[in-house]
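K.L.:
this is a predicted model, with the sequence first.
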Amino acid sequence: MQDLPVRLADIRDLFLARGHLQYTGESVSHLEHALQCAAQAEHEGAGDVLISAALLHDLGHLLHELGETPSARGVDDVHEYRVVPFLRGLFPDAVIDAIQRHVSAKRYLCASRPDYLAQLSEDSKRSLALQGGVFSPEQAQAFLGEPGAHDAVRLRVWDDLAKQPGRTTPDLQHFLQCAARCALAH
């Protein structure tokens, strides 16, 4: 295995230690979900920045333990914000902005695509309510003006596609090399 910068090694170690846990409400683990999301980004021709955001977008779930299915207990784990201090200083704002806004992108897509809400998993629908619900037209318009919003929408679409049991993807090391290429100089 090729050497990674220390902070990327911490990310690898977090995935190796906790990535086997089931992704709440889905039939895949956290690691499978992350790899599938990054593979979808790569398949669609995204660059290293967006592939890295796809890989890391739900890392906040692994940074703290709230037990099984927090949304079923009425808890929003705010994973999109919890991960920011862990990633800040390691990645450019473009990676962090897409990650930080992928939950808002779900709210935007529910407002802008009539069939989107019906396609969400039950856990995603529960968490949507905890995260503020569907955007109003004004909120949706304002969201599009935020840094990274358009990338967050792409990321959110990949997120929804990344829940297929048994799907083959490149391994974690492959995507960590993408992350290493876009990481800030230390």
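P.N.:
On my side now, so go ahead.

K.L.:
give me every residue that touches the most centrally placed residue in the chain.
P.N.:
Closest to where the C-alpha atoms of the chain average out (CA atoms, centre = their mean) is H57, at 2.3 Å. Neighbouring residues of H57 by CB atoms under 8 Å, 6 or more residues apart in numbering: 34, 37, 80, 98-99, 102, 155, 159. To be clear about C-beta, it is placed using only N, CA and C from the backbone, and glycine gets the same treatment.

K.L.:
can you do 7 Å?
P.N.:
Applying CB atoms under 7 Å, 6 or more residues apart in numbering to H57 gives the contacts 37, 99, 102, 155, 159.

K.L.:
which strands and helices sit next to the helix or strand containing the fourth one?
P.N.:
What that stands for is L155. Element membership of L155, judged by DSSP states H and E, is helix 149-161. Judged by 3 or more CB pairs under 7 Å, 6 or more residues apart in numbering; DSSP states H and E, helix 149-161 is in contact with helix 30-43, helix 48-56, helix 93-100, helix 102-112.

K.L.:
out of those helices, nearest to A9?
P.N.:
Among the helices and strands packed on helix 149-161, the nearest to A9 by CB to CB is helix 48-56 (14.1 Å).
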